[in-house]
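Q: got a structure for you, letters missing:
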Ligand SMILES: [Zn+2]
């Protein structure tokens, strides 16, 4: 019988704990920050809305303004 190298036994530790909500919230926070950095910031809702009206196409969904809780300014989003 050829000598077989024993395979290392798979380690079965305790299952990793599910990601806590904190991690998920932090991920969303990161995405919000990235979206914030990529968007134009307006100081007021009126400013954002007026810009959206001026530049909105005649058809299709109109951009709407939303208050950004990352920078405290206003951004435009579509849909
Ligand atoms: Zn922002």
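A: Structure's in. What do you need? Nothing here was measured: the structure is a model prediction, and the numbers come from that model. Numbers count the residues shown, from 1 in each chain.

Q: contacts for stretch 69-78?
A: Applying CB atoms under 8 Å, 6 or more residues apart in numbering, the external contacts of stretch 69-78 come out as 29, 32-33, 35-36, 39-45, 47-48, 51-52, 61, 63-68. Just so you know, the C-beta spots here come from the backbone N, C-alpha and C atoms, and that holds for glycine as well.

Q: same thing but 6 Å
A: 32-33, 36, 39, 41-42, 45, 48, 52, 61, 63-68 (CB atoms under 6 Å, 6 or more residues apart in numbering).

Q: which of those residues come close to the ion?
A: Restricting the contacts of stretch 69-78 to those within reach of the ion (CB under 5 Å from the ion) leaves 36, 68.

Q: the contacts of stretch 69-78 in strands, which ones?
A: Using DSSP state E, 64-67 are the members of the contacts of stretch 69-78 that sit in strands.

Q: most surrounded residue in the residues you listed?
A: In terms of neighbours by other CB atoms under 10 Å, the ones in strands among the contacts of stretch 69-78 top out with residue 65 at 19 neighbours.

Q: what's the farthest-apart pair in the ones in strands among the contacts of stretch 69-78?
A: With CB to CB as the measure, no two of the ones in strands among the contacts of stretch 69-78 lie farther apart than 64 and 67, at 11.2 Å.

Q: just to revisit the earlier point, which of the contacts of stretch 69-78 are buried?
A: The neighbour count (16 or more other CB atoms under 10 Å) marks 36, 39, 41-42, 48, 52, 63, 65, 68 as buried among the contacts of stretch 69-78.

Q: least confident of these?
A: Lowest in pLDDT among these is residue 63, which has 83.

Q: pretty sure that residue sits against residue 52.
A: Yes. With contact defined as CB atoms under 6 Å, residue 63 counts as touching residue 52 (4.2 Å).
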